[in-house]
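J.: quick one: sequence plus predicted model below, questions after.
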Amino acid sequence: MEEMERVVRCFRDFRDFIPRMHFHDSWIRTTEKKIHVFRDASEVAISAVAYVENKGQYGFILGKSNLAPLHGHSIPRLELCGAVLAVEIAQSVSEQLEISIEHFKFYCDSKVVLGYISNHSRRFYQYVSNRVMKIHKVTKSEQWFYIRSERNPTDEATRPIHATELQHSKWLEGPEQSELYPSSQEKILYELIDPESDKEIKQEVRCLKTNTSEFVIAIFVRHHHDSLKHQGRHLTEGAIGAAGYWITSGKRLFSSVLRNYVPCKKLRSKEAIQKMADTPKDRLEPNPPFTNVGVDVFGPWQVVSRKTRGGCASLKRCLVLSSEPYTLRL
């Protein structure tokens, strides 16, 4: 019960010292309005906060802090989620204050995330790719800058802190002018940090173009086609692609090679139909009996077999058949 009363008292105190005005001057009279958005993340929480700057003075606009997921998220992923939260806050501020988001500046203390946002050469897996795409839809990579962690005002929202300590914290008062980076308008692009070992980055695909004769390519295609047990053109093309090769004009080449490949011709040929010869003319023309006679000899059959002094004596018979074509007249 005492803990509950202490929490309620903290919220009452917190309500009293929240600044209701961005500056001492009127918002309408403010000529130079620059919006700075900061973000940070830890294993406990994800936070983002926006400030407006006018002549070296900073005013608190909007801040938000979310609990981090318990499982399945690495620190770079949480840092990237913080960048997405910063973009969402920037969209809300831009809509309410009617300030173009192109004039916003975003600050991040993670060079890994800055490398993700500035990257235009490597591909990411789905989780990182979707969130980087959300950031690029709203902001440009030139709007993101690096700030050291000890100077990041959102760091206080990612760790437990008593409500009364927020009154004089950077979370409400904003950063100092000397802490913002960079002071110049130079275009800064951040490289990917160790892309070969980063699990969020896909392996780089290297393309090598070679001039190879069609005879060698045909042998190469037949090799992969035989390994698939003559499965067809589409599967052969997929097997070659899985092996890391890409053949230009492959559809025409594969069709030509497989169409003229002898084993495929035999496997894909139609069933043969026995062709019968025409009936001889002598069987169709009327003639006198025994004009044309057919003779067939077959055998021999063994009829009797007996042993003799010299070996074995056997009696065999052969048969002769004769046939005569005839015409039946009615």
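T.: Good, I have the coordinates.

J.: in stretch 150-169, what's buried?
T.: 151, 152, 153, 154, 155, 156, 157, 158, 163, 166 (16 or more other Cβ atoms under 10 Å). Using the backbone N, CA and C atoms, a C-beta is placed for each residue, glycine as well.

J.: element containing the nearest residue to the last one once chain neighbours are set aside, please.
T.: Spelled out, that is residue 166. Distances taken as Cβ to Cβ, 6 or more residues apart in numbering put residue 172 closest to residue 166, at 6.0 Å, once the chain neighbours are dropped. Here residue 172, judged by DSSP states H and E, is contained in helix 170-173.

J.: packing partners for that helix?
T.: strand 57-67 (3 or more Cβ pairs under 8 Å, 6 or more residues apart in numbering; DSSP states H and E).

J.: could I get the buried residues of stretch 150-169 as TSV with secondary structure?
T.: As requested, the buried residues of stretch 150-169 are exported to TSV (DSSP: H, G, I helix; E, B strand; the rest coil):
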residue	secondary structure
151	helix
152	coil
153	helix
154	helix
155	helix
156	helix
157	helix
158	coil
163	helix
166	helix
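
J.: tell me which two of those sit farthest apart.
T.: Greatest spatial distance in the buried residues of stretch 150-169: 151 and 163, 23.0 Å, computed using Cβ to Cβ.

J.: on that earlier part again, what pLDDT does the model give the residue nearest to residue 166?
T.: With respect to pLDDT, residue 172 scores 80.

J.: same question, residue 92
T.: 94.

J.: contacting residues for the nearest residue to it once chain neighbours are set aside?
T.: Closest residue in space to residue 92, ignoring its immediate chain neighbours: residue 62 at 6.6 Å, by Cβ to Cβ, 6+ apart. For residue 62, the contact set (Cβ atoms under 8 Å, 6 or more residues apart in numbering) comprises 49, 50, 89, 92, 93.

J.: and those residues, which two are the farthest apart?
T.: Largest pairwise distance in these, by Cβ to Cβ, is 12.2 Å, between 49 and 92.

J.: which one's more surrounded, the two?
T.: Neighbours were counted for residue 49 and for residue 92 using other Cβ atoms under 10 Å; residue 49 has more, 28 against 14.

J.: that one: what's it in contact with?
T.: Contact analysis of residue 49 by Cβ under 8 Å, 6+ apart lists 37, 38, 39, 60, 62, 63, 64, 89, 153, 154, 157, 171.

J.: which one of the residues you listed is nearest residue 294?
T.: For the contacts of residue 49, the nearest to residue 294 is residue 39 (104.0 Å; Cβ to Cβ).

J.: hmm, the closest one is touching residue 47, no?
T.: Yes. With contacts counted by Cβ atoms under 8 Å, residue 39 reaches residue 47, the gap being 6.8 Å.

J.: higher neighbour count, these two?
T.: For residue 39 and residue 47, the more surrounded residue by other Cβ under 10 Å is residue 39, and the numbers stand at 31 against 28.

J.: re the thing from before, show me what the residue nearest to residue 92 is bridged to.
T.: residue 50 (DSSP bridges).

J.: I'd like the distance between it and residue 88.
T.: Here residue 62 is placed at a distance of 10 Å from residue 88 (Cβ to Cβ, to the nearest Å).

J.: C-terminal to the helix-or-strand element of the chain with minimal mean pLDDT, what's the next element?
T.: Within the chain, judged by mean pLDDT, DSSP states H and E, the helix or strand with the poorest mean is helix 2-16; its value is a mean of 66. With elements assigned by DSSP H and E, the helix or strand that comes after helix 2-16 is strand 34-41.

J.: direction included, what does that next one pair up with?
T.: Its sheet considered, strand 34-41 pairs with strand 45-54 (antiparallel), strand 104-108 (parallel) by DSSP bridges.

J.: quick one: closest of those strands to residue 261.
T.: Comparing those against residue 261 with Cβ to Cβ, the closest turns out to be strand 104-108 (58.0 Å).

J.: what's the closest one in contact with?
T.: Residues from elsewhere that reach strand 104-108, judged by Cβ under 8 Å, 6+ apart: 34-39, 79, 82-83, 86-87, 90, 93-94, 114, 139, 143-147, 152, 180-181.

J.: quick one: mean pLDDT for it?
T.: Mean predicted lDDT for strand 104-108 stands at 93.

J.: what does stretch 59-69 give?
T.: Mean pLDDT, computed over stretch 59-69, is 88.

J.: stretch 221-240 too?
T.: For stretch 221-240, the mean confidence score works out to 85.

J.: how far does that stretch stretch from start to finish?
T.: With Cα to Cα, to the nearest Å as the measure, stretch 221-240 spans 8 Å from end to end.

J.: again with stretch 238-251
T.: Start-to-end, stretch 238-251 (Cα to Cα) is 11 Å.

J.: what does that stretch contact?
T.: Residues outside stretch 238-251 that contact it (Cβ under 8 Å, 6+ apart): 207, 217, 220, 221, 224, 227, 228, 233, 237, 253.

J.: could you rerun that using 7 Å?
T.: 217, 224, 227, 228, 237, 253 (Cβ atoms under 7 Å, 6 or more residues apart in numbering).

J.: stretch 84-91 now?
T.: Against stretch 84-91 from outside (Cβ under 7 Å, 6+ apart): 37, 39, 46, 48, 50, 62, 64, 66, 101, 104, 106, 131, 134-135, 138-139.
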